[in-house]
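> Generate a structure from the sequence data that follows.
(2 chains)
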2 protein chains.
Amino acid sequence: MAENKFPEVQGGGSLIVAWQIKGKHVLVVGGGEVAAGRILNCLNADANVTVVCPAAGLNPEVAYRVAQKQVTHVDRKFEPCDLDGADMVLVAVDDPEASTAIWQLCKARRIPANIADVPPECDFYFGSVHRDGPLQIMVSTNGKGPRLASTIRRFIAKQLPRDAGRAIETIGQLRVKLRQIAPRPEDAPKRMAWMTRVSDAYSWDEMCGLSDEDMANLLRFYPSGQVPLLEVLKSMRRNADVSQLDVFDGSFGFSVGA
Amino acid sequence: MAENKFPEVQGGGSLIVAWQIKGKHVLVVGGGEVAAGRILNCLNADANVTVVCPAAGLNPEVAYRVAQKQVTHVDRKFEPCDLDGADMVLVAVDDPEASTAIWQLCKARRIPANIADVPPECDFYFGSVHRDGPLQIMVSTNGKGPRLASTIRRFIAKQLPRDAGRAIETIGQLRVKLRQIAPRPEDAPKRMAWMTRVSDAYSWDEMCGLSDEDMANLLRFYPSGQVPLLEVLKSMRRNADVSQLDVFDGSFGFSVGA
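From the prediction side, this is the model:
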């Protein structure tokens, strides 16, 4: 049957996305332990965070973020005007009635919101996130086992190659440099095909080991569409002038042909 | 310094969240390969999906979803009225001007949107997602290496114990049953502490192997706050009447004491 060639729908999941809150205004209502975690998540994503909570209710971590001016502090309970200009609202207070009222105000203003521990009053849930530079891995059990999500996140973190984050940085830099030497929109398909070949050709460890010199040498192969074996790149290191090498005559191996 | 005891902010990330779109209306503009991937993501999260695209532009997978009535199809190009009632908009068309116009309309109406391949016109990015029942693991490289994100996702999938999803289902069921026998809000702290002990006491493989009978037996330990060793649970299997066993007298081991 032709139908079988397409993936079957598996309902019951969430739409997991990397929300962009750089420079956006996130309002956090509450200053306890849960709020502290939310605040760190938002600061790690470069948001402008405002915390609304009476000073007496700030836990040590939130108080520290306030003292360091990492967040803006409004020293009182929530008032509806706090929502003015908010791009996202995270509520973590032990007051179900107040929480529900804030949720309803957010919905009326179409502001995405999360009321901690009240799934029906959440546009989105949080999961357990591993972070290593540009790499973020989020584990969600869709509410079935939050504790298990942390266990799985730690398990994954242990399996990952050390320097996985640095390998991604390296690939990102290569992509930027490639765009500099092949900037035209019509170059995009060749550029993307070549980057795919590079990603497939080297292991993560190999990516981490690439120096600026290696990247410059690697980019010399782009016009041909080929990707050299790592040994070839290494052999080029000792030679300031690549043209003295015979790497382009086919006598060296290529990981992936054009 | 007291400051060092709190996690340092690591900017440059995203806020990774599990967006809840069950029963929500997601508008997908475009019917190509990228749209096909977005549509599957949304159907896997139980959204009501509408695809706006002339029939001639539907790729086989999208055409299949339309024929199966998994999505609603609007057989023409996008018009602003398509945004009426939309909770989220995903655009994947090869028309930068049209895309930008849709993005601006979405912003005016405060509808979260993603314009494929145009990072500045995205409230959120997608990553590479591993799915196993209730378990979802999302890998994001924050735009540095989309190809590498897939590689890492496949790497993680290989490391995970088989049946990781089933283990989470089991824990979820246990949580539901526990709430039935200890339903009061004031039971919450004891309930949560005991669930934590259970999560810590058994490995994933062990969780997967728990039958309904095992769960019923396990729940008998809840009043004491204790969690039995797996061997104890197994020994209880052959006995219809648990009271005949001496498991509660301390002669059997406990993984974690109360």
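> only C-alpha atoms for contact and neighbour calcs from this point on.
Noted.
> near chain B, which residues of the stretch 151-258 of chain A show up?
A:156, A:159-160, A:168-169, A:171-172, A:175, A:196, A:199 (C-alpha under 8 Å from any C-alpha of the partner chain).
> Nearest to chain B among these?
residue A:172 (4.3 Å; C-alpha to the nearest C-alpha).
> That closest one contacts residue B:141, correct?
No: in this structure, residue A:172 is not within contact of residue B:141 by C-alpha atoms under 8 Å, at 9.1 Å.
> Identify the residue nearest residue A:131 in space, chain neighbours excluded?
residue A:137 (6.6 Å; C-alpha to C-alpha, 6 or more residues apart in numbering or on different chains).
> can you pull the contacts of residue A:38?
Neighbour list for residue A:38: A:28, A:90 [criterion: C-alpha atoms under 8 Å, 6 or more residues apart in numbering or on different chains].
> Got phi/psi on it?
Here is the backbone geometry of residue A:38 (degrees, to the nearest 10): phi -60, psi -40.
> Going along the chain, name the strands of the stretch 51-200 of chain A.
Residue ranges of the strands in the stretch 51-200 of chain A, as given by DSSP state E, counting those that start in this stretch, are A:72-74, A:88-91, A:113-115, A:124-125, A:128-132, A:135-140.
> want to throw the ones you listed into a markdown table with mean neighbour count and distance to residue A:220?
What follows is those, written out as a markdown table (neighbours: other C-alpha atoms under 10 Å in any protein chain shown; distance: least, C-alpha to C-alpha, whole Å):
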| stretch | mean neighbour count | distance to residue A:220 |
| --- | --- | --- |
| strand A:72-74 | 18 | 49 |
| strand A:88-91 | 23 | 45 |
| strand A:113-115 | 24 | 49 |
| strand A:124-125 | 22 | 45 |
| strand A:128-132 | 19 | 30 |
| strand A:135-140 | 27 | 28 |
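> Adding mean pLDDT, write those strands out as JSON lines.
As requested, the strands of the stretch 51-200 of chain A are exported to JSON lines (pLDDT from 0 to 100):
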{"stretch": "strand A:72-74", "mean pLDDT": "98"}
{"stretch": "strand A:88-91", "mean pLDDT": "98"}
{"stretch": "strand A:113-115", "mean pLDDT": "97"}
{"stretch": "strand A:124-125", "mean pLDDT": "96"}
{"stretch": "strand A:128-132", "mean pLDDT": "95"}
{"stretch": "strand A:135-140", "mean pLDDT": "96"}
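> In ChimeraX, select just the buried ones from the residues of the stretch 151-258 of chain A next to chain B.
To isolate the buried ones among these in ChimeraX, judged by 16 or more other C-alpha atoms under 10 Å in any protein chain shown, type:
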select /A:156,168,169,171,172,175,199
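> Next, format the residues of the stretch 151-258 of chain A next to chain B as a markdown table and append pLDDT.
As requested, those are exported to a markdown table (pLDDT from 0 to 100):
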| residue | pLDDT |
| --- | --- |
| A:156 | 94 |
| A:159 | 90 |
| A:160 | 90 |
| A:168 | 88 |
| A:169 | 88 |
| A:171 | 86 |
| A:172 | 88 |
| A:175 | 88 |
| A:196 | 86 |
| A:199 | 83 |
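> and the closest residue to residue A:86 other than its chain neighbours, what is it in contact with?
Among residues not flanking residue A:86 along the chain, residue A:25 sits closest, at 5.2 Å (C-alpha to C-alpha, 6+ apart). Applying C-alpha under 8 Å, 6+ apart, we find residue A:25 in contact with A:47-50, A:85-88.
> top of the residues you listed by neighbour count?
Scoring these on neighbours with other C-alpha atoms under 10 Å in any protein chain shown, the highest-scoring entry is residue A:47 at 26 neighbours.
> phi, psi of it?
Phi and psi for residue A:47, reported as degrees, to the nearest 10, are phi -80, psi 160.
> which residues touch it?
Applying C-alpha under 8 Å, 6+ apart to residue A:47 gives the contacts A:21-26.
> one more time with 6 Å, if that's ok
Applying C-alpha atoms under 6 Å, 6 or more residues apart in numbering or on different chains to residue A:47 gives the contacts A:21-24.
> for these, which one is nearest chain B?
Among the contacts of residue A:47, and counting by C-alpha to the nearest C-alpha, the member closest to chain B is residue A:21, at 7.0 Å.
> Just grab the bridge partners of the residue nearest in space to the middle of chain A for me.
Centroid-nearest residue in chain A, with C-alpha atoms, centre = their mean: residue A:136, separated by 4.4 Å. With DSSP bridges as the criterion, residue A:136 is bridged to residue A:131, residue B:140.
> Contact partners for residue A:141?
B:134-135.
> right, and the residue nearest to the centre of chain A touches residue B:140 too?
Yes: using C-alpha atoms under 6 Å, residue A:136 is in contact with residue B:140, at 5.2 Å.
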